[in-house]
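>>> Structure for this input, please:
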Amino acid sequence: MSIDTSPSETYKIKKDAKYLFVKNDRLDDIMDYMKSNPETLIQMPDSDIGGYAKFRYSTPFRIQNPELKGKIYNDCLRLGEELTCGIKNYIGDESILKEKYTGKEFGVSDHANRKIALELDNMSNRTRASSRRSATSEKAIAINDAANPEPGETYAIVKKKPVKSGQHPFHIAHVILRDQDVNITLEANAAYLHLKYPHFHMYSTDPNDSTTFHKTWNFMYPDGLTMTLVSRGIVPEYQRSARISRRRSAAFSRKKSSRKSKKSMRRNMSA
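Next up is the predicted model:
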């Protein structure tokens, strides 16, 4: 089985991606993360890589949507918002994230997300044009392969063209740790409803590397723009008891959109 290893060999991830292996003499890093992000990770009693401790997301996906016939609500946006706001299994209507450069709220709707991507693309084109005319041009906007979220921030690749029914408009991945020029993420994926746990992945922050987040997901999002999302810095008005009724899937919205209020239509299931 292939194993991804971070530059300093602190972290390893097997092909199944369900576990993060941390070198025994570097456990302080992961323990610090677990203290500041309670209920996110747990250590497993046994490890199948010598010299490394084994960690997993703390619980199986527990949110089951009756409108999806009880299937697990395995949504990358939902998980990214949970890891950002610190509310376990957050599924509220209020969006938690914003795009880092424009400050635009992310998750209001697919159309709004796409507008952010198009605005960043235009801003980047203007910056490149300015750099050709002047030696003192604006600093380039870090998008696509140059996107470089810090731990606690999030990658997002968003299609710039409207998507057809059944296609995913975007995918996001929350960065939990970094080792030199490699980010370690924890991410869900609505394309795989059978998954019980979110997966760990590694992405290079070197724009020239073949394993950046943008290059990795380009096969599914060939017209996608990769951006960085950060916290909006809000405490959402959220009741745990209402977590199912306050969120609707894209599949359900296509069938019954005429019955929905504008608020419940705010968010579609992401990849």
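
>>> switch to C-alpha atoms for all contacts and neighbour counts from now on
Noted.

>>> If you count neighbours, what's buried in the biggest strand by length in the chain?
The residue-count maximum for a strand in the chain (DSSP state E) belongs to strand 170-179. Going by neighbour count (16 or more other CA atoms under 10 Å), the buried part of strand 170-179 is 170-178.

>>> Can you list the strands that that strand pairs with?
strand 154-159 (antiparallel), strand 182-187 (antiparallel) (DSSP bridges).

>>> Ok, which of those strands comes nearest Leu195?
strand 182-187 (11.3 Å; CA to CA).

>>> buried stuff in that closest one?
Under 16+ other CA under 10 Å, the buried positions of strand 182-187 are 182-187.

>>> how about those residues in CSV, adding pLDDT and distance to Asn148?
Shown next, in CSV, are the buried residues of strand 182-187 (pLDDT from 0 to 100; distance: CA to CA, whole Å):
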residue, pLDDT, distance to Asn148
Val182, 98, 10
Asn183, 98, 9
Ile184, 98, 12
Thr185, 98, 12
Leu186, 98, 16
Glu187, 96, 16
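
>>> Now distance to Asp93 too, for the residues you listed, in JSON lines please.
Formatted as JSON lines, the buried residues of strand 182-187 follow (distance: CA to CA, whole Å):
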{"residue": "Val182", "distance to Asp93": "32"}
{"residue": "Asn183", "distance to Asp93": "29"}
{"residue": "Ile184", "distance to Asp93": "27"}
{"residue": "Thr185", "distance to Asp93": "24"}
{"residue": "Leu186", "distance to Asp93": "22"}
{"residue": "Glu187", "distance to Asp93": "20"}
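
>>> picking up where we left off before, between the strands paired with strand 170-179, which one is nearest to Lys12?
When the strands paired with strand 170-179 are compared by CA to CA, strand 182-187 sits nearest Lys12, at 9.8 Å.

>>> what helices or strands is the helix or strand just after the closest one leaning on?
Counting by DSSP states H and E, the next helix or strand C-terminal to strand 182-187 is strand 199-204. Here strand 199-204 touches strand 182-187, going by 3 or more CA pairs under 8 Å, 6 or more residues apart in numbering; DSSP states H and E.

>>> shaky segments in the stretch 151-271 of the chain?
Scanning the stretch 151-271 of the chain for pLDDT under 70 picks out 238-271.

>>> let's see 80
In the prediction, the stretch 151-271 of the chain carries residues with pLDDT under 80 at positions 165-166, 190-194, 237-271.

>>> ok so, going back, what's the closest of the buried residues of strand 170-179 to Glu82?
Once CA to CA is applied, the member of the buried residues of strand 170-179 that ends up nearest Glu82 is His174, at 9.8 Å.

>>> nearest spatial neighbour of that closest one, skipping sequence neighbours?
Nearest non-adjacent residue to His174, counting by CA to CA, 6 or more residues apart in numbering: Thr154, 4.2 Å away.

>>> Who are the contact partners of that neighbour?
Counting by CA atoms under 8 Å, 6 or more residues apart in numbering, Thr154 touches 80, 172-175, 228-230.

>>> how much space between it and Val163?
Going from Thr154 to Val163 by CA to CA, to the nearest Å gives 22 Å.

>>> just Ile176 next, same as before
Ile176 is 29 Å from Val163, by CA to CA.

>>> Might one say that Phe55 is in contact with Asp46?
No: shown here, Phe55 and Asp46 do not form a contact pair, counting by CA atoms under 8 Å, at 9.7 Å.

>>> between these two, which one's more packed in?
Phe55 (19 against 10; other CA atoms under 10 Å).

>>> Which residues outside the host helix or strand of that one are in contact with it?
Per DSSP H and E, Phe55 falls inside strand 52-57. Taking contacts as CA under 8 Å, 6+ apart, the residues outside strand 52-57 that touch it are 18-24, 27, 40-48, 197-198.

>>> again, only this time at 6 Å
Residues from elsewhere that reach strand 52-57 (CA atoms under 6 Å, 6 or more residues apart in numbering): 19-24, 40-44, 47.

>>> In JSON lines, list those residues along with distance to Thr5.
Listed next are the contacts of strand 52-57 as JSON lines, based on distance: CA to CA, whole Å:
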{"residue": "Tyr19", "distance to Thr5": "13"}
{"residue": "Leu20", "distance to Thr5": "10"}
{"residue": "Phe21", "distance to Thr5": "9"}
{"residue": "Val22", "distance to Thr5": "10"}
{"residue": "Lys23", "distance to Thr5": "11"}
{"residue": "Asn24", "distance to Thr5": "14"}
{"residue": "Thr40", "distance to Thr5": "22"}
{"residue": "Leu41", "distance to Thr5": "19"}
{"residue": "Ile42", "distance to Thr5": "20"}
{"residue": "Gln43", "distance to Thr5": "19"}
{"residue": "Met44", "distance to Thr5": "19"}
{"residue": "Ser47", "distance to Thr5": "16"}
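
>>> Before I go, just wanted to say thanks for your time.
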